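*Asks:* Pasting a predicted model and its sequence here:
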Number of protein chains: 2
Amino acid sequence: MTASSRPPHPRERRTAQDRRAQLVQIGLELLPTTPVQELTIDEVARRAGISRSLLFHYFANKREYYTAVTRAAADLMWEHLLPAPGTPPEEQVVGMLDRYVGWVETFRESHLAFVRGAGGGDPWVSEVYEETRRRLVEVALAALELPDDALRRQLLLAWFAFTEDLVGQWVHEPTTPRPELLELLRDVLRKVTER
Amino acid sequence: MTASSRPPHPRERRTAQDRRAQLVQIGLELLPTTPVQELTIDEVARRAGISRSLLFHYFANKREYYTAVTRAAADLMWEHLLPAPGTPPEEQVVGMLDRYVGWVETFRESHLAFVRGAGGGDPWVSEVYEETRRRLVEVALAALELPDDALRRQLLLAWFAFTEDLVGQWVHEPTTPRPELLELLRDVLRKVTER
DNA sequence: TAGCTTGTTGACCGTTGCTCAGCAAGCCGG
DNA sequence: CCGGCTTGCTGAGCAACGGTCAACAAGCTA
């Protein structure tokens, strides 16, 4: 987040860690306006005030860079959704759902662009997001205290796709009050898993 | 290094319509193996046995080309799913669902790659597929004889996201017999729309 | 001071999307 | 047969982008 105003001549030397973090941060800031894979190295380097070559010093290639950005975005969401340890099961699920809707509300385009980018095109990128979804399902499975079989996992993942889609539409056109949306999602989850 | 050969057929001259169709066809054939946006004009032109320039004679730019390819793919599916006129309502829905699963089963990677490509990255491309989904919802709404309000449409679209996701998983790991999958999907649809 | 480590750069290359001036294959009226 | 028109088609070439490489320079330590 440190402002990198560009003084005329002197070079700005940073530690490897700092530089990497800065580059990923720039990627995160660009994410809302640009499909991940379309970030140009030039643009990122320009914003960081460094040469293209330096970016390739930290990331072997473009893909490695934008998967790192994607992973950072996914981690941010993950940390926001994760329930505090010790929360009662039912509350865990409801809380995660509530925070998920909040997350989408807060970041709107930003988040939708991210999901879109994560779902499409590059398998390496989609793998990152799919892993996050799998982890979410893992948590939900435990919280719901459901038996763990393959079909149920598929259903939970599919329910998450349902939720993603519906919430994505809802933030653009809130067809029902927020609490009812949450109730509806919880209800569908119940009906989907109760078999 | 380019082909300096002028084989027996120095040049294959076609009508504009023919050429366009051929180019789109080549795009469709490449779709399973390559994310739409990553098709290279070079590759397509090479397969068609023409110069790159000619492709730009028929499509203003790359995007116009691959949205045309995407639209062609979407239309193929649409035509396959559309119920025959005169089919009784319930049968329409069940039939479409059945044919949808069949479609995914038949084309597997091909279809999943398509959906992935259509969902991600370029808004122009995703718009094409979203329009198809909207049309499907339109048909389903009529077939189910449900009142037509904004929330219900959202729910139907979200249910379709659920279906897409579940069927996509299921073809990779059939966790339940096919008829039960269909029943399950129909059941979830009922529960989602019965409010 | 020399010497090492390492953050950093500019010059260069191959590929790809895209443009443009013009060739060539049919088809017309004379 | 001929000139000219239309139109499918090409090759050379440009700009932008991803990626490589040898070398510079900013700090640290001996």
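*Replies:* Thanks, I have the structure now.

*Asks:* Which strand or helix spans the residue of chain A found nearest DNA strand C?
*Replies:* As assessed by C-beta to the nearest atom of the strand, DNA strand C sits closest to A:Ser53 within chain A, at 2.8 Å. Just so you know, the C-beta spots here come from the backbone N, C-alpha and C atoms, and that holds for glycine as well. Per DSSP states H and E: A:Ser53 is located in helix A:52-58.

*Asks:* Pull the number of nearby residues for the nearest residue to A:Arg52 once chain neighbours are set aside.
*Replies:* Once flanking residues are discounted, A:Arg52 sits nearest to A:Ala45: 4.7 Å by C-beta to C-beta, 6 or more residues apart in numbering or on different chains. A:Ala45 sits with 18 neighbouring residues when counted by other C-beta atoms under 10 Å in any protein chain shown.

*Asks:* If you count neighbours, what's buried in the helix or strand that A:Ala45 is a member of?
*Replies:* Per DSSP H and E: A:Ala45 is located in helix A:41-48. Using 16 or more other C-beta atoms under 10 Å in any protein chain shown as the test for burial, helix A:41-48 gives A:Ile41, A:Val44, A:Ala45, A:Arg47, A:Ala48.

*Asks:* contacts for that helix?
*Replies:* A:4, A:19, A:22-23, A:26-27, A:30, A:51-52, A:54-56, A:62, A:65 (C-beta atoms under 8 Å, 6 or more residues apart in numbering or on different chains).

*Asks:* Can you name the two of these that sit furthest apart?
*Replies:* Spanning the widest gap among the contacts of helix A:41-48 are A:Ser4 and A:Lys62, at 21.4 Å by C-beta to C-beta.

*Asks:* Next, work out how far apart the closest residue to A:Arg116 other than its chain neighbours and DNA strand D are.
*Replies:* Spatially, and ignoring its direct neighbours in sequence, A:Arg116 is nearest to B:Gly120 (5.6 Å; C-beta to C-beta, 6+ apart). B:Gly120 sits 17 Å away from DNA strand D when distances are taken as C-beta to the nearest atom of the strand, to the nearest Å.

*Asks:* Kindly report the same for A:Val36.
*Replies:* Distance, A:Val36 to DNA strand D, by C-beta to the nearest atom of the strand: 11 Å.

*Asks:* how about the most centrally placed residue in chain A, secondary structure?
*Replies:* Nearest to the geometric centre of chain A sits A:Ala74, at 3.1 Å (C-alpha atoms, centre = their mean). Here A:Ala74 takes the helix state, with states given by DSSP: H, G, I helix; E, B strand; the rest coil.

*Asks:* and if you look at A:Pro32?
*Replies:* Per three-state DSSP, A:Pro32 ends up coil.

*Asks:* which residues sit in contact with it?
*Replies:* A:Phe107, A:Glu109, A:Ser110, A:Ala113, A:Phe114.

*Asks:* Closest one of those residues to DNA strand D?
*Replies:* A:Ala113 (17.4 Å).

*Asks:* For A:Leu81, grab the count of nearby residues.
*Replies:* 19.

*Asks:* My read is that it contacts A:Val101, right?
*Replies:* No - between A:Leu81 and A:Val101 there is no contact under C-beta atoms under 8 Å: 10.6 Å.

*Asks:* what about A:Asp75, neighbour count?
*Replies:* Using other C-beta under 10 Å: A:Asp75 sits among 12 other residues.
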